[in-house]
Structures are given as structure tokens and as C-alpha cells.
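Asker: fold the following for me, if possible:
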Amino acid sequence: MLLNLRELQAFKAIAELGSLGRAAEALSLTQPALTRTLKRLERQLGVPLFERHPHGMALTSYGQAL
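Answerer: The predicted model follows:
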């Protein structure tokens, strides 16, 4: 399994900012592009990294470990 820099930057931004929208803006990406990147990372790892909530995202135990 190889993690690329784009995926790790996306993960870090979402974790720090707590939402896809704010992370997408900070990374100068569209929200759909960032969502695809996150889904690709989660698919590679085989685990959910975030819990999705109406007002943002929170790390799962797997996300915290990463």
C-alpha cells in the first residue's frame, strides 16, 4: 500500500479544519475532488477515517491512529 502526498495532505487538512468544505477551500480544491481523494484513501486502507456529521467531521479511532 502506497499513500501519496495529496491524500495525506487532504487527510491532514480535514482533520485540522473539521470539515470537507473548509479543507477544500484551504487546499484550493473543489469539495467533490476532496471527497474523491478521501474515499480513495479510505478504500486503500480499508477503514473509515472520519465520522460524518451534519456540522463537520470527526476522526475515527483509525483516523486518530493515522
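Asker: what packs against the top helix by length along the chain?
Answerer: If each helix of the chain is counted by residues according to DSSP state H, the longest one is helix 31-45. Using 3 or more Cβ pairs under 8 Å, 6 or more residues apart in numbering; DSSP states H and E as the contact criterion, the secondary-structure elements in contact with helix 31-45 are helix 5-17, helix 20-26. Placement of C-beta: from N, CA and C, glycine included.
Asker: can you name every helix or strand that the helix or strand just after it contacts?
Answerer: Moving toward the C-terminus from helix 31-45, the first helix or strand encountered (DSSP states H and E) is strand 50-53. The elements that strand 50-53 packs onto, with contact taken as 3+ Cβ pairs under 8 Å, 6+ apart, are strand 56-59.
Asker: ok, the strand it packs on: who's next to it in the sheet?
Answerer: In its sheet, strand 56-59 lies beside strand 50-53 (antiparallel), with partners assigned from DSSP bridges.
Asker: close enough to count as contact, residue 50 and residue 62?
Answerer: No: checked against Cβ atoms under 8 Å, the pair residue 50 and residue 62 is beyond contact range at 9.2 Å.
Asker: how far away is the residue most central in space within the chain from residue 22?
Answerer: With the centre of the chain defined as its mean C-alpha position, the nearest residue by Cα atoms, centre = their mean is residue 11, 3.8 Å away. For residue 11, the distance to residue 22 (Cβ to Cβ, to the nearest Å) stands at 14 Å.
Asker: can you report how many residues lie near residue 32?
Answerer: Taking other Cβ atoms under 10 Å as the neighbour definition, residue 32 ends up with a count of 10.
Asker: list the contacts of it.
Answerer: Contacts were defined as Cβ atoms under 8 Å, 6 or more residues apart in numbering; by that measure residue 32 touches no other residue.
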